[in-house]
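Novice: following is a predicted model, sequence given first.
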Amino acid sequence: MSTKVETPSSSMDPIKWILTFALLGGAVVGNYMFEDLSVLIRAIGVVSAVAAAMGIASQTQKGQDFIVFSKEAKLEVRKVVWPTRQETIHTTIIVMIATVVMALILWGLDGILFRVVGFLTGLEI
């Protein structure tokens, strides 16, 4: 049983999303249409359009939910206990050794099975 309550979205949300995607599309198309202009001017235009699109998208219900999710995720990352450099090096060495050991075991098993199948079928390569 889920206790999740859906928040109603505004009737303007679809229009905001259409405007957001129109701005993003306009940034891409405008960048190609005005290729004779300076790269700096085009970059400023694209960055402005993307910023405006993000501003409009953040005013929708899904945009606000994303912002809340991002803030909560940032708080959770702060709670993570990261390994020390020495722990990371030791773990990496253990993984490398285990990988080499497994590769050697599989290589040996492959060689044995190759010879057994060759013996049983009478085909030697």
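Specialist: Now that the structure is in, tell me what you want to look at.
Novice: which regions of the protein lie under the pLDDT threshold?
Specialist: 1-9, 125 (pLDDT under 70).
Novice: helices of that one, residue ranges please.
Specialist: 13-33, 39-57, 61-79, 85-121 (DSSP state H).
Novice: adding mean neighbour count, write these out as TSV.
Specialist: Placement of C-beta: from N, CA and C, glycine included. Below are the helices of the chain laid out as TSV (neighbours: other Cβ atoms under 10 Å):
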stretch	mean neighbour count
helix 13-33	14
helix 39-57	14
helix 61-79	11
helix 85-121	10
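Novice: how much space separates residue 104 from residue 39?
Specialist: Between residue 104 and residue 39 the computed distance is 53 Å (Cβ to Cβ, to the nearest Å).
Novice: and if you look at residue 117?
Specialist: 62 Å.
Novice: try residue 111
Specialist: Applying Cβ to Cβ to residue 111 and residue 39 gives a distance of 58 Å.
Novice: can you check residue 77 too?
Specialist: 35 Å.
Novice: same check, this time on residue 123
Specialist: Taking Cβ to Cβ, one finds residue 123 at 63 Å from residue 39.
Novice: and residue 12, by the same measure?
Specialist: For residue 12 relative to residue 39 (Cβ to Cβ), the value is 36 Å.
Novice: next up, the contacts around the residue lying farthest from the centre of the chain.
Specialist: Relative to the C-alpha centroid of the chain, counting by Cα atoms, centre = their mean, residue 122 is the outermost residue, at 51.0 Å. The contact partners of residue 122, by Cβ atoms under 8 Å, 6 or more residues apart in numbering, come to none.
Novice: got the phi and psi for it?
Specialist: Main-chain dihedrals, residue 122, degrees, to the nearest 10: phi 80, psi 10.
Novice: likewise for residue 59?
Specialist: According to degrees, to the nearest 10, residue 59 has phi -90, psi -10.
Novice: that one reaches residue 17, doesn't it?
Specialist: No - at 10.4 Å, residue 59 does not count as touching residue 17 under the criterion of Cβ atoms under 8 Å.
Novice: with adjacent residues omitted, what lies nearest to residue 27?
Specialist: Beyond its immediate neighbours in the sequence, the residue positioned closest to residue 27 (Cβ to Cβ, 6 or more residues apart in numbering) is residue 49, lying 3.7 Å away.
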